[in-house]
Structures are given as C-alpha cells and as structure tokens.
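Undergrad: 3D model of this:
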Amino acid sequence: MSMIKVQDLTFSYPGSFDNIFEGVNFQIDTDWKLGFIGRNGRGKTTFFNLLLGNYEYSGKITSSVEFNYFPYPVSDKNKFTHEILEEICPQAEDWEFLREISYLNVDAEAMYRPFKTLSNGEQTKVLLAALFLNEGQFLLIDEPTNHLDTDARKMVSDYLRKKKGFILISHDRIFLDGCVDHILSINRANIEVQSGNYSSWKLNFDRQQEHEEATNERLQKDIGRLKQSSKRSAGWSHQVEASKNGTRNSGSKLDKGFVGHKAAKMMKRAKNLESRQQKAIEEKSKLLKNVEKTELLKLEQLKFQSNELVVLTDVSVKYDDQIVNEPISFIVEQGDRIVLDGKNGSGKSSILKLILGHPIQHTGSVNLGSGLIISYVQQDTSHL
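TA: Numbers count the residues shown, from 1 in each chain. Have a look, this model is predicted:
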C-alpha cells in the first residue's frame, strides 16, 4: 500500500486570474479503484496533468508510484497493433497481450492488423490492456467509454473492477458503479474523498443538500423574525431614552433613573437580537455552496420543404473491401429521433459519415434532401 498525498495545492493557468485549485489537501491510497467526478472545467484532467508533471504548481504532491495515462497517444496508426502494444509495454510477452485482450473480447487477429483498421472500441480495449501490463505504474484513465457500446462498457467495467488500483474520470454513472470503490469529487466549494461507488456518494451528497436546504429555509425565517424584533426593540429604546426629560401623560415627572435603566435594557435587548441575527446570517452563508445548477438545452429545428430528409437503401459499409454489416435501409423524416445501435466495428459511425458525405467505401445508396443542412456531434463526449 502507498499513498498519493496532496498538500496545499494551488494551480492556475498562465494568464488566468482564477485558480483551478487553491490550498487543496487530500490523500489517495494507490490500492483504491477511484472514480474521479465533477463538472467540466473543475480541473479533473488538469489534476492528471499535475500528477504527470506536465504543469508547475505551488504546494506539494508526493507519491512513490510512477503514473501512466489513458488514452495513450498513438503516433502512427498505420503500425500493426502488436507494434504499438510493444511500444507501450516493451517487457510484456505476446501471450500476455493475447491474454489481456481476450478478457476484453478482442480477437487475437487484431494484434496483427494495422491499428487504424480496429474500431474505436477495439482501440480503447487494446490500449487499456497494454497499459495495465506495465507493472509498478499507476494508471490515470480519462473518459474510456467514449467509443464503447453498451456491452463493451459493461465488459470494460468488469475488467477494471478486477484490477488493483487506478483513478478513473468518467461521467457514466453505471460504468462507475460497476468498477470503483472510492469517489474523489470536485464540488463547487470543496474536494472530498469518500468510500463506496458513485451511487452511495450521490445518495450522501443529496442527503447533505436536503439537510442544508431545510436549514437554509429555517434560518431565512429566523433572520426575518429577528430583523423585525430588532427594529421594534431599537425603536422602543429610542422612545424611552427620548422621554427622559419628559413627563407622564398624567403630568407627573418621570423618574429619570428608572427611565435610563429601562432604556439601557431595551438597547441591550436590541443589540442581542442584532447579534443573533448576524450569527444566523453567517451560518446561512456556509450552506448550499455545493448546489449544482443545470442550464436547459434548447435546440431550434431548421425548417425544410420536404418531409423526407435522408433515405438509405441497402447500405453496407466496407473496411478494406470487406463488408462489415448486413444491408440496412431506413428513412429519416422531420421530427424523427432515431437510435443507430450495434456492436463496436459494425459500421455505425461510418454510416453517419456517409450521410455527411465522407468518402466511405460502401454498397447501396444514400440520398439527402436538396439543400439539407446537417449538424454533427462527434462520438467523443469528454467535453460535455
């Protein structure tokens, strides 16, 4: 067992006036399978870069392990897969590579194909397998599910659960629940480490927010009530003080000592109420700092003269002259919301690229409405 210790960490990008991290302290056990969560822009990938030594910072990060990073930057995708895996982990034997990729349901023949011919999901799997073969290195895994279908996500999650320790950035709650035993959360106001999977963290987080919201509502009422009481007490004390030199309604003179004592008591009460009010305000200011606000996403649909937008007829995609899917036909009409489902490597992304007009080898026909404008969001959702 070894620890990664973060002490008084402060970091900001050059030219920025806002700190990504400020005086941060926490520690991580390298045996943990740690899920790393938080809104985009909070510093998750930045923290990975700090661990990797890519940025300068103030404070202290101590660790006895060497770090490695996924996704591994493949410089030449024309190389055969086994050449890239040997580059990542030169001490491993072929049988070890074959064993690891078999756990992820990747065929052995993928080792002897150019890396670029593997599907995005297959590339993810073989790179993860090679990186985990590097003994003595602690793996930092950044959004591994971007190119994985549902079955592959379950498979990779099961694979990670059997590994010793890592830090995993992911926005996929089901994926996290399947493979992590601790959560490191970058919240709006603090950073916290908690034992358990994502669901247990979320349950505790929601309970804390509910408690703070109830406390906030109570304090809000208390502050309003104390303000009114404070105003009344202050008004009474001023009235009594002003009457020191006056007379009673009956015409008899007032006891100035008695009036002064009463005024002092009323003023003391007013100050006490003011103090309680200020304490309630200060207590309230500590609440609800981690409440997340989600902005609504609104998409405006462009008008088009025809109901039919896209027509595919008997389309099959080819990779190196090899057909990878049965002929597919469908029509996209205005208002349709269509899911294109299938295993990794079955041609889903290629069909979308065909619709976009990319030069993809295929059989069959793709017809678009004249003048149709198409928007495209890539499969990589790590920026969302």
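Undergrad: every contact and neighbour count from this point should use C-alpha atoms.
TA: Fine.
Undergrad: per-domain residue ranges of the chain.
TA: Using automatic domain parsing, the domains assigned to the chain come out as 3-198, 205-285, 308-368.
Undergrad: mean confidence score for the first one?
TA: Right, the one you point to is domain 3-198. For domain 3-198, the mean per-residue pLDDT is 93.
Undergrad: could you say which of the domains of the chain is packed most deeply?
TA: Most buried of the domains of the chain by mean neighbour count (mean count of other CA atoms under 10 Å) is domain 3-198; its value is a mean of 17.
Undergrad: CSV please, covering the domains of the chain and showing distance to S375.
TA: As requested, the domains of the chain are exported to CSV (distance: least, CA to CA, whole Å):
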stretch, distance to S375
domain 3-198, 19
domain 205-285, 36
domain 308-368, 9
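Undergrad: so for Q379, which of these sits nearest?
TA: domain 3-198 (6.4 Å; CA to CA).
Undergrad: can you read off the pLDDT for K298?
TA: 77.
Undergrad: kindly report the same for N204.
TA: Looking at N204, its pLDDT reads 92.
Undergrad: count the neighbours of it for me.
TA: N204 is flanked by 12 other residues according to other CA atoms under 10 Å.
Undergrad: what sits against it?
TA: With CA atoms under 8 Å, 6 or more residues apart in numbering as the criterion, no residue contacts N204.
Undergrad: before we move on, what about P327?
TA: T313, D314, V315, S316, G364.
Undergrad: how near is it to F97?
TA: P327 is 34 Å from F97, where distance means CA to CA, to the nearest Å.
Undergrad: and what of S58?
TA: From S58 over to F97 (counting by CA to CA), the distance is 40 Å.
Undergrad: can I assume S306 is in contact with L368?
TA: No - using CA atoms under 8 Å as the test, S306 is too far from L368 to be in contact (10.5 Å).
Undergrad: run through the bridge partners of F21.
TA: F11 (DSSP bridges).
Undergrad: isn't it right up against L9?
TA: Yes - between F21 and L9 there is a contact under CA under 8 Å: 6.4 Å.
Undergrad: find the residues that touch each one of these two.
TA: Common neighbours of F21 and L9 (CA under 8 Å, 6+ apart) do not exist.
Undergrad: and the longest strand for the protein?
TA: strand 308-319 (DSSP state E).
Undergrad: what's it in contact with?
TA: So strand 308-319 is in contact with 117, 323-334, 347, 350-351, 355, 360-369, 372, going by CA under 8 Å, 6+ apart.
Undergrad: hmm, try it at 7 Å
TA: With CA atoms under 7 Å, 6 or more residues apart in numbering as the test, strand 308-319 has contacts from 323-334, 347, 350, 361-369.
Undergrad: cool, and stretch 140-148?
TA: 48, 67-71, 120-121, 124, 153, 166-170, 344, 379-382.
Undergrad: mind checking which of the residues you listed land in helices?
TA: Judged by DSSP state H, the contacts of stretch 140-148 include F48, N120, G121, T124, R153 as members of helices.
Undergrad: and the pLDDT for N216?
TA: 74.
Undergrad: can I assume it sits in a strand?
TA: No - looking at N216 with DSSP: H, G, I helix; E, B strand; the rest coil, it is helix, so not inside a strand.
Undergrad: against G165, how distant is it?
TA: 39 Å.
Undergrad: for A129, same thing?
TA: Taken as CA to CA, the span from A129 to G165 is 14 Å.
Undergrad: sketch out the helices for the chain, chain order is fine.
TA: 44-51, 81-88, 94-103, 120-132, 150-161, 173-179, 198-242, 256-285, 348-356.
Undergrad: can I get the ones you listed in TSV with distance to E300?
TA: Formatted as TSV, those follow (distance: least, CA to CA, whole Å):
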stretch	distance to E300
helix 44-51	32
helix 81-88	43
helix 94-103	44
helix 120-132	31
helix 150-161	29
helix 173-179	29
helix 198-242	33
helix 256-285	39
helix 348-356	20
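Undergrad: hmm, back to that, list just the nearest of the contacts of P327 to V106.
TA: Using CA to CA, the contacts of P327 come closest to V106 at S316, 22.7 Å.
Undergrad: not including adjacent chain positions, what is the nearest residue to that closest one?
TA: Among residues not flanking S316 along the chain, P327 sits closest, at 4.8 Å (CA to CA, 6 or more residues apart in numbering).
Undergrad: likewise F80?
TA: Using CA to CA, 6+ apart, the nearest residue to F80 is P114, at 4.1 Å.
Undergrad: my read: the one you found touches K79, true?
TA: Yes - counting by CA atoms under 7 Å, K79 is a contact partner of P114 at 5.4 Å.
Undergrad: quick one: K227 from A189, how far?
TA: Distance from K227 to A189, by CA to CA: 29 Å.
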